[in-house]
Structure formats: C-alpha cells, structure tokens
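S.K.: here's a sequence, model it:
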Amino acid sequence: MQELLQSAVDNEVVPFAIAARVTPDGIVEEGASGGAAMDSIFRIASMTKAITSVAVMQLVEQGKLALDEPAETYTERLRGKQVVAGFDADGTPRLRDPASPPTIRQLLTHTAGFAYVVWNADLLRVAKHMGMNMSRDVGADILDLPLMSDPGTRWEYGISTDVLGVVVESVSGQSLADYFDEHILHPLGMTDTHFNVPENKQQRVLPAFSRGPEGLVQTMQGIAPTTFFSGGGGLASTPNDYARFLQALLRGGERGGQRILDSAAVDLMARNHTGALPINPMITASPRFSEDCDFFPGQPKHWGLGFLMNARDIPGRRRADSLAWAGVHNTHYWIDRQSGLAGLLMTQLLPFCDPAFLNLYEEVERAFYSGK
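M.R.: Residues are numbered from 1 along each chain as shown. Predicted coordinates for the structure are as follows:
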C-alpha cells in the first residue's frame, strides 16, 4: 500500500494520500504518502452527509422524527418551497407548487427534488438570478434554492442533507455542531472532527490542490471559520477519526462500548430506499469543481438512507449493497458489511471524480481485498 500511494505522488496522480483498511476491530492496514498522516486534517465535505444521516436516524429511533412525514413539519425553512418549471424569455425562473412536500426519507435518499449547482446547469441559472455568487461560500442562503423536480419522482444529488441538518437543529434544540459533538463524535472518540478547526490544530490542516493544464496547483491552505454548520458538507476530520465512524457502522452502530445507533437502524439505512428509480450519472455544470461522475458505470445502483449502494458484487472489490460516498476534494469511503471491511482513500484535490484519482481508488480497493 505504501508503494502504491508513493507511486501516485511521484506520478502526480495526487499531491498526497492516505488509505486505510478498517474491520470491526479497527484499522488493520494503512498507507500514507506526500507528507500526509493519519492525524492530518482533511476537508471531508460530503463525507459529512453520513454523519448527518446518522443524527437523523437517532432522532427517528427516539420517535422525534418520522421518515415519511413532510420535512416542513419540523422546520419553517422548508415551508412554501416551490419547483422550477422553466424559464421566461428574460431568464426569470417560472415556479410552481410541488405535487407533494418532500419527506425526511426523500431528503435522506436525494429524491426530494433538490439539486446542486455543480451538477445542474438550470439550478446554476436560478442561483445567478437570485444574486448568489456560487464561486464563494454562500452559507445558509443555499437553503433558499428551489426544488428542481417533484419530490419522489427522480434521484438527483443535491442539498437535501443540508436541509436535514436544519431539521436536526430544529428538533433537537441544539446547533448541529453541538449535536454532533454530544451524540456522535465524542462517544466515538472522534476528537479531531470539527466544523470550525481550533487554532491549535490548524497546523495539521492539509492544503488543497487543483489539477490544471500545468499539473497540480495549490489552491487553499487553511480552513476559514464558519457560522453555518452545513450538514451536507461542512466538516473537517482526520483519517483516524473517520475510520472510527466506519468501524461503528461495521459493528452495527457501536464502537468501544458506545452505541450511537441500534443495529436495526443501521440495517434500515443499508436497504434500497429508491426502488427502481435510476441513480443517474452526475453531469458536471462546473468542470473545475467536478468531472462527470458515474460510479460503477453500467452497474445498477440504488440509494439507502444516506449512502450510495451498488446492487451487485463488484468482482475483486466490494460486495453487493455496500455503502459508500465521498467528498468533493476526493475523500472517498466504502462500507462492505458482508465482508466486514471498510476502506478510506483521502486526498485534497479538485476536480471531484478526477479520472486519475478514481483509477488509484480502484487499485487501493483491489489491494485491500486481495490482502483480506
């Protein structure tokens, strides 16, 4: 593994990388290259979504949320949400009421009708019309974006998990940061996972890079503080910490004697909740942030409560119904509950779904399974 990752750095596939193989007993194999370490702090972006999804399921377990209840029941921020039905000649979006309001289950499965501007050119037009500068952090204003389809009619990756973060705050009476700390991060020993990285840890934050015509270019050094706790992508974390989270899910919701979910809730998250709806390729509208993304092209996929799931075994790799997702800076994970194995591969590189990185990801995964 060390040789594989070092070769990737030497060939400028990545500026640095961390890989870890995780079992129910913890990390059993790891590799690092380019100066990264297991306690280095990464912008994990949409790997935050899995943690927010666990928070939602904790509230479902407690009877404070119902999966098929309209989300607007729990937060005024969703009331009056409309669907884009087209554009007038001057570019003004035409809006209409949705056929039904989005539910908690639909938010967890990205079937609520929300999208992301990175993968939806029409939503990018809407955002510009609303005066949003999407080249910078727009914070909580992202929640004002309309739906792009009627809830339940299609799968589209979007801001649904940010909306769920607001639901968690409304129902729990805590900020998302405080809720995470009390109910997930501290119980699992994830002491280096933060929305706002403390000053005394900033030296462990890795720089971010982009791949351009001239190769890898550094684009960011530190992580700026925020007042919007994005349930869809706001956390920074370390490979050590996130491996603890993966270990807990492999163990049915428990690690080190601390239980964050009942095993029945983990089982429920790991079922197909999108039925026959296709998990469409994510076609980029912002090439500097993302390439087109289609994990396991040609293979059937579905979505659980918070996770992408491959419907069939991938030869030499993960088994059917493994859970997976990633962050935009190319931090990726999978959880193969059948094999009792989870994996991490993390760097800090745009664009998302960079083909050279995805080739490395496949090599790392195959190496972990060949050594199982």
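S.K.: could you look up the SS state of the most centrally placed residue in the chain?
M.R.: For the chain, residue 46 is the residue whose C-alpha lies nearest the centre (CA atoms, centre = their mean; 2.7 Å). Put simply, residue 46 is helix when judged by DSSP: H, G, I helix; E, B strand; the rest coil.
S.K.: so who does it touch?
M.R.: Listed by CB atoms under 8 Å, 6 or more residues apart in numbering, the contact set of residue 46 reads 161, 232-233, 325-328. C-beta: built from backbone N, CA, C; applies to glycine.
S.K.: in ChimeraX, how would I select just the buried ones from those residues?
M.R.: What follows is the ChimeraX syntax selecting those of the contacts of residue 46 that are buried according to 16 or more other CB atoms under 10 Å:
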select :161,232,233,325,326,327,328
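S.K.: just curious, which of the contacts of residue 46 is nearest to residue 214?
M.R.: Distance to residue 214, by CB to CB, is smallest for residue 328 among the contacts of residue 46, at 21.6 Å.
S.K.: hmm, the closest one is touching residue 233, no?
M.R.: Yes: the criterion here is CB atoms under 8 Å, and residue 328 meets it with residue 233 at 7.2 Å.
S.K.: anything in contact with each of the two?
M.R.: Contacts common to residue 328 and residue 233, judged by CB under 8 Å, 6+ apart, are 45-46.
S.K.: separation between residue 230 and residue 333?
M.R.: As judged by CB to CB, to the nearest Å, residue 230 and residue 333 stand 18 Å apart.
S.K.: before we move on, back to that, how about the contacts of residue 46 in a markdown table, adding secondary structure?
M.R.: Compiled in a markdown table, the contacts of residue 46 are given as follows (three-state DSSP):
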| residue | secondary structure |
| --- | --- |
| 161 | helix |
| 232 | coil |
| 233 | coil |
| 325 | strand |
| 326 | strand |
| 327 | strand |
| 328 | coil |
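S.K.: poorly predicted segments of the protein, please.
M.R.: By pLDDT under 70, the low-scoring segments of the chain are 134-138, 372.
S.K.: switch the cut-off to 80
M.R.: Regions of the chain meeting the criterion pLDDT under 80 cover residues 133-139, 371-372.
S.K.: in it, spot the helix with the most residues.
M.R.: helix 355-370 (DSSP state H).
S.K.: run through who's touching that helix.
M.R.: With CB under 8 Å, 6+ apart, helix 355-370 has contacts from 1, 4-5, 8, 13-14, 17, 19, 21, 29, 211, 291, 316-318, 330, 332, 334, 339, 341, 343, 345, 347, 349.
S.K.: please redo it, this time with the cut-off set to 7 Å
M.R.: For helix 355-370, the external contacting residues (CB atoms under 7 Å, 6 or more residues apart in numbering) are 1, 4, 8, 13-14, 19, 21, 29, 291, 316-318, 330, 332, 341, 343, 345, 347, 349.
S.K.: kindly report the same for stretch 197-207.
M.R.: 16, 36, 39-42, 192, 218, 220-223, 236, 348.
S.K.: and for stretch 335-342?
M.R.: Here stretch 335-342 has contacts from 21-24, 246, 249-250, 270, 318-319, 322-324, 333-334, 368, 372, using CB under 7 Å, 6+ apart.
S.K.: and those residues, which of them are buried?
M.R.: For these, buried by 16+ other CB under 10 Å: 21-24, 246, 249-250, 270, 318, 322-324, 333-334, 368.
S.K.: among the residues you listed, which one lies nearest to residue 295?
M.R.: Residue 295 lies nearest to residue 324 out of the buried ones among the contacts of stretch 335-342, by CB to CB, at 7.5 Å.
S.K.: keep only those of the buried ones among the contacts of stretch 335-342 that are in strands.
M.R.: Among the buried ones among the contacts of stretch 335-342, the members falling in strands are 21-23, 323-324, 333-334 (criterion: DSSP state E).
S.K.: circling back to that earlier point, nearest to residue 305 among the buried ones among the contacts of stretch 335-342?
M.R.: The nearest one, if we look at the buried ones among the contacts of stretch 335-342 relative to residue 305 and count by CB to CB, is residue 270, at 8.1 Å.
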